[in-house]
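> quick one, what's the 3D model for this:
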Amino acid sequence: MSAGDEKLPPFYSPKAAAAGDDARQHVDDFSIDAPATRADQLSQEGQLPPPSLLSPAFTPPATPGTQTPSALGPRGVPVDSSTPSGGCGSKKPKLVESLPTVECEVRARIPTVNNGEFFLHVYKNSVDSKEHLAIVFGDAIRSKSLDAPRPDETEWDRMMRGAYTGKLYPGRTTSSEDPPKEGQPTSKASRDTPLVRIHSECYTGETAWSARCDCGEQLDEAARLMSLPGNSAGGVIVYLRQEGRGIGLGEKLKAYNLQDLGSDTVEANLLLRHPADARSYGLATAILQDLGLDEIRLLTNNPEKIRAVEGPNREVVVKERVPMVPLSWKGRGGIRSQEIEGYMKAKIEKMGHMLSQGGI
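All right, here's what the predicted structure looks like:
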């Protein structure tokens with residue numbers, strides 16, 4: 001058996017499709033297999049899922065497709081937070097009075113294991129000392145604070161902190177890209193609305209192979225969607241360092257112990273005298289503003305997040321909610337455990353998450 005044929009451990013994410021796959025393959029990636037087909041596939045793999053703790057009401061047999069053959073980007077549901085029936089949840093989130101100040105300190109190109117690439121931006125801010133991140137796909141989205149000239153800096157300084165256009169290469173001496181040669185077409189920024197994911201740090205789900213949540217799976221899927229060849233508008237994953245829905249890793253592990261004792265994810269936080277969700281999104285709004293994004297398509301299953309991300313004065317307007325469909329519903333792998341079944345059930349019943357496109 002060759003190295004490429006070895007079966008990966010089950011906690012690894014499914015292998016991403018190659019960038020050259022046709023549109024039909026991408027549509028198939030979003031389809032939800034019928035229950036019998038999914039069971040047959042899992043049986044052949046020798047990995048039957050545990051009995052579902054979710055009732056049929058929470059696990060629809062088919063989720064509407066989020067992609068069409070003529071458009072490679074995911075399809076969303078129009079929303080409007082300015083109206084009560086705008087598909088943005090029933091709660092009124094607590095918003096910051098004014099947005100924090102953010103500044104992009106540095107960015108760098110990151111080539112990925114799937115032959116793609118993105119630009120990783122590191123931000124400092126006026127609220128805390130954490131390094132919050134923006135993962136930017138595409139060339140059209142740039143940071144205002146990064147590009148702004150700084151006192152006494154040289155061209156070398158600008159290139160070293162990532163304030164350059166085009167690509168870096170050995171021997172380059174200026175941060176500005178060389179003007180196009182005669183007859184060479186110039187690139188134009190897309191007018192399409194970019195796809196955005198606001199993602200909160202989850203060490204257990206993203207690094208420690210935890211099957212208690214789907215955070216790692218959602219991060220992978222967000223990156224895959226933003227890397228699709230047809231996504232001309234690019235995309236941004238704003239990665240906020242607010243572990244455990246804002247309570248920190250230590251308290252999160254205590255909550256895990258309470259869950260093993262019978263509490264769900266919401267009850268465990270409350271027993272620890274924390275809110276069910278202690279996250280804040282003012283930093284995300286400020287980062288999106290710095291990236292020049294005043295209108296976005298938000299990749300989320302949580303309609304309550306829409307208004308929270310828009311900011312106190314709707315500084316960023318969410319035009320569409322794009323649902324995040326779990327891989328396990330597609331019959332293509334994903335996390336399978338009793339813990340994640342209970343986790344998703346609590347998110348739906350107690351936190352208002354909608355795990356299908358047809359919910360709004």
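> only C-alpha atoms from now on, for both contacts and neighbour counts.
Will do.
> give me the residues contacting stretch 254-261.
Thr265, Ala268, Asn269, Leu272 (CA atoms under 8 Å, 6 or more residues apart in numbering).
> pop out the phi and psi values for the residue nearest to the second one when sequence neighbours are not counted.
Leaving out its chain neighbours, the residue that sits closest to Ala268 by CA to CA, 6 or more residues apart in numbering is Ala255, at 5.0 Å. Dihedral pair for Ala255: phi -60, psi -40, per degrees, to the nearest 10.
> separation between Ala255 and Glu206?
From Ala255 across to Glu206, the span is 18 Å (CA to CA, to the nearest Å).
> neighbour count winner among these two?
Each of Ala255 and Glu206 has its neighbours counted (other CA atoms under 10 Å); Ala255 has more, 24 against 17.
> separation between the more buried one and Lys167?
From Ala255 to Lys167 the distance is 45 Å (CA to CA).
> hmm, back to that, would JSON lines of the contacts of stretch 254-261 with pLDDT and secondary structure be doable?
Shown next, in JSON lines, are the contacts of stretch 254-261 (pLDDT from 0 to 100; DSSP: H, G, I helix; E, B strand; the rest coil):
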{"residue": "Thr265", "pLDDT": "81", "secondary structure": "helix"}
{"residue": "Ala268", "pLDDT": "86", "secondary structure": "helix"}
{"residue": "Asn269", "pLDDT": "84", "secondary structure": "helix"}
{"residue": "Leu272", "pLDDT": "89", "secondary structure": "coil"}
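> can you lay out those residues as TSV showing neighbour count and distance to Arg321?
Shown next, in TSV, are those (neighbours: other CA atoms under 10 Å; distance: CA to CA, whole Å):
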residue	neighbour count	distance to Arg321
Thr265	24	24
Ala268	24	29
Asn269	25	27
Leu272	15	32
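> for Pro78, state which of the residues you listed is nearest.
Pro78 lies nearest to Thr265 out of the contacts of stretch 254-261, by CA to CA, at 29.8 Å.
> what about Lys124, which SS state?
With DSSP: H, G, I helix; E, B strand; the rest coil as the basis, the three-state label of Lys124 is strand.
> would you confirm that it contacts Val102?
Yes: contact criterion CA atoms under 8 Å: Lys124 and Val102 qualify, at 5.8 Å.
> give me the below-cutoff pLDDT ranges for this protein.
1-73, 90-91, 178-191, 326-333, 340-360 (pLDDT under 70).
> can you get me a residue count around the closest residue to Gly166 other than its chain neighbours?
Closest residue to Gly166 apart from its sequence neighbours, by CA to CA, 6+ apart: Glu177 at 5.7 Å. The tally of other residues near Glu177 (other CA under 10 Å) stands at 12.
> how close does Glu177 get to Tyr203?
Distance from Glu177 to Tyr203, counting by CA to CA: 38 Å.
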